[in-house]
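A.B. asks: Pasting the sequence and the predicted model now:
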Amino acid sequence: MHIDSDRYQRVLGEELRKLRRRRGWTRKELNRHLQSDISLQTLATYELGTRQCSVVRLVELCLAMDELPQELLARVHRRVFSDEPGRVRLDLA
């Protein structure tokens, strides 16, 4: 199985952004709930999928937003690797 790392990172970022918005938080509000001091620019690059985050950082982000990391990764995995009938995968790049 081939992993498109750019796509995986982009989808992970989209899921992180959705999770934050579902809570009604800005990045600044999310930052206040984190143990680490992460710049708002770094949070933005995670959400855009232009920067990889470590596993520990991903867990920290998930826990701050009351999400189990494995559930977030399961959603990402389904979106990236889904071969469901009737589902069309289109790469506009």
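C.D. replies: In hand now; what should we look at?
A.B. asks: mind listing what Arg21 touches?
C.D. replies: Contacts for Arg21 (Cβ atoms under 8 Å, 6 or more residues apart in numbering) come out as none. Every residue, glycine included, has its C-beta placed from N, CA and C.
A.B. asks: For Tyr46, see how far away Arg20 is.
C.D. replies: Taking Cβ to Cβ, to the nearest Å as the criterion, Arg20 is separated from Tyr46 by 10 Å.
A.B. asks: likewise Glu71?
C.D. replies: Using Cβ to Cβ, one obtains 17 Å as the distance from Glu71 to Tyr46.
A.B. asks: more neighbours, those two?
C.D. replies: A count of neighbours by other Cβ atoms under 10 Å puts Tyr46 above the other of Glu71 and Tyr46, at 22 against 12.
A.B. asks: that older thread, return every residue with contacts to both of Arg20 and Tyr46.
C.D. replies: Contacts common to Arg20 and Tyr46, judged by Cβ under 8 Å, 6+ apart, are absent.
A.B. asks: Show me what counts as buried in the longest helix anywhere in the chain.
C.D. replies: The helix that spans the most residues within the chain, counting by DSSP state H, is helix 5-22. For helix 5-22, a neighbour-count test (16 or more other Cβ atoms under 10 Å) marks 7-17, 19-20 as buried.
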